[in-house]
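> heads up, no residue letters with this:
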């Protein structure tokens, strides 16, 4: 999955680092496109020395490489670099650099969406003590937003419930959805499967989680079993495809970045276990 960058390691502990000439600096335009160079499936980032004066905040480190986020307008022009959408980078690139872009995008989206205090409308400022934004007028503290969502592998005998979204990502997927107010993750699983496919489920079992900066998510993966015949009544507003597919017939996604693909692969290889 995208966060599996071993032996490299993400260090997201917030510190007050001073930006140096060789530090990586991430720039995003108003549409959320990242300013990078793509070469042989790997991503290169601009360095501080390449960017004219700008305000930047430390985000995280990968091994000994520090990553900063440019805040506000910047002036940089390099013919080897360009702005690319996160989806384009997902389709074309791999490695720890792609994980860094996903995580940086998550933080950029948070900074971009929280410029003013929701309590008094004062201008928010980065905290110097932790990863937070602080209102100097009323003291309100705003922390990065993380959206909980579930990925669900629904099993019926030797078949898995495979879906395709009505819009957006075009490849095979599993039932997925966001947790609503007052729900447990297990309740989200049952509700989302029922709403999207009409299938009732039982024996819900947690599998694994994944950070997914593209949508500011933390994804929790679950396997479960169809309760009853598993007759599908697809929500055509959400999906364009929902079918029970035999293990050997499952077509995986074109890369190994997502929890969804890993869960499909685990079932395809007969390695899932339901208690």
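Nice, thanks for sending it over. Model, not experiment: these values are computed from the prediction.
> so residue 123 sits right up against residue 133, yeah?
No: if you go by Cβ atoms under 8 Å, residue 123 and residue 133 don't touch, sitting 9.8 Å apart. Just so you know, the C-beta spots here come from the backbone N, C-alpha and C atoms, and that holds for glycine as well.
> what about the strands in the stretch 151-275 of the chain?
Secondary structure of the stretch 151-275 of the chain, counting by DSSP state E, counting those that start in this stretch: strands at 159-165, 175-178, 201-212, 217-226, 239-246.
> those into CSV, with extra columns for mean pLDDT and distance to residue 47?
Listed next are the strands of the stretch 151-275 of the chain as CSV, based on pLDDT from 0 to 100; distance: least, Cβ to Cβ, whole Å:
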stretch, mean pLDDT, distance to residue 47
strand 159-165, 96, 38
strand 175-178, 96, 37
strand 201-212, 97, 26
strand 217-226, 97, 30
strand 239-246, 95, 44
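> out of those strands, nearest to residue 40?
Between residue 40 and the strands of the stretch 151-275 of the chain, the tightest spacing by Cβ to Cβ is seen for strand 201-212, at 25.1 Å.
> now do the closest one: everything it contacts.
Outside of strand 201-212, the residues within contact range by Cβ atoms under 8 Å, 6 or more residues apart in numbering are 1-3, 102-103, 106, 149, 152-154, 185-186, 189-190, 193-194, 217-227, 258-259, 262-263, 266, 272, 274-275.
> let's see it at 6 Å
Residues outside strand 201-212 that contact it (Cβ atoms under 6 Å, 6 or more residues apart in numbering): 1, 3, 154, 186, 189-190, 193, 218-225, 227, 259, 274.
> compute the inter-axis angle for it and strand 217-226.
160 degrees (axes from the mean of the first three to the mean of the last three Cα atoms, to 10 degrees).
> can I get the buried ones among the contacts of strand 201-212 as something I can paste into PyMOL?
Selection of buried members from those for PyMOL, criterion 16 or more other Cβ atoms under 10 Å:
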select buried, resi 1+3+154+186+189+190+193+219+220+221+222+223+224+225+227+259
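> what bridges to the spatially most central residue of the chain?
Centroid-nearest residue in the chain: residue 212, 1.6 Å away (criterion: Cα atoms, centre = their mean). For residue 212, the beta-bridge partners are residue 217 (DSSP bridges).
> distance check, it against residue 223.
Separation of residue 212 from residue 223 (Cβ to Cβ, to the nearest Å): 19 Å.
> which element is the closest residue to residue 107 other than its chain neighbours on?
Once flanking residues are discounted, residue 107 sits nearest to residue 59: 5.4 Å by Cβ to Cβ, 6 or more residues apart in numbering. Using DSSP states H and E, residue 59 sits within strand 55-62.
> what packs against that strand?
Secondary-structure packing of strand 55-62 (3 or more Cβ pairs under 6 Å, 6 or more residues apart in numbering; DSSP states H and E): strand 65-71, helix 96-113.
> just put the ones you listed in a markdown table and tack on distance to residue 31 and mean pLDDT.
Formatted as a markdown table, those follow (distance: least, Cβ to Cβ, whole Å; pLDDT from 0 to 100):
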| stretch | distance to residue 31 | mean pLDDT |
| --- | --- | --- |
| strand 65-71 | 15 | 92 |
| helix 96-113 | 11 | 96 |
